[in-house]
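1. A predicted structure for the sequence below; I have some questions about it.
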Amino acid sequence: MKTALGTILITEQEIRRRIAELGRQISNDYLKTPVTLVGILRGSFVFLADLIRAISLETPVEVDFMSVSSYGDATTTSGTVHIEKDLGISVGGKDVIIVEDIVDTGLTVFHVYNILLGRGARSLRVAALLEKPGKSKYNRPIDYVGFKIPNKFVVGFGLDYAQRYRNLPDIRVLDEI
């Protein structure tokens, strides 16, 4: 498939402003309460880096990552979730926020949520930079949503197509040509 970068869907300024708001919301929800952020690699790392800096220093934050894949180099999910890197810390008895770049089918977040629940997390919430409407298998509300977007394949701000475009400072539609 040949692709081209389409129009800017969300500008860098809009992203930064919304992440600051999410950081304040998390700070209020976890004031002086330790929280563990679990970033889902690779797409969430840019969002997580900005989000953690937007959380108040009054909120103790621990961070770890899982590498989970369901897309590979395609623009649609394979339907199978593979854990490529697991956590290095225990989440037992902790308040955890799963940090995702995008919730589309919800397959990844559904899978990770159930894994962490099974490992004894005291509470689980989800923060997603982007949420697509409609077809999610994750049947809970996303606790912290940056933006709801149309059902288009997007890249930038950590999101990729075949490992390209993660370094864009904004979110753009990827068009087929």
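-> Structure's in. What do you need? Numbering: from 1, shown residues only.

2. for this structure, what spans make up the strands?
-> Secondary structure of the chain (DSSP state E): strands at 3-10, 35-41, 61-69, 82-85, 95-103, 123-131, 144-148, 154-155, 171-176.

3. verify the stated contact: residue 105 with residue 134.
-> No - judged on CB atoms under 8 Å, residue 105 makes no contact with residue 134 at a distance of 9.7 Å. (Each C-beta comes from the backbone N, C-alpha and C, glycine too.)

4. and the two? Which one has more around it.
-> Set residue 105 next to residue 134 and count neighbours by other CB atoms under 10 Å: residue 105 wins out with 19 against 7.

5. what's the spacing between the more buried one and residue 9?
-> For residue 105, the distance to residue 9 equals 19 Å [CB to CB, to the nearest Å].

6. can you pull out the low-pLDDT segments for the protein?
-> Applying pLDDT under 70 to the chain picks out residues 1-4, 70-79, 177.

7. tell me, what residue is most central in this structure?
-> Centroid-nearest residue in the chain: residue 100, 1.2 Å away (criterion: CA atoms, centre = their mean).

8. tell me who's in contact with it.
-> Residue 100 sits next to 40, 43, 44, 108, 109, 126, 127, 128, 129 when contact means CB atoms under 8 Å, 6 or more residues apart in numbering.
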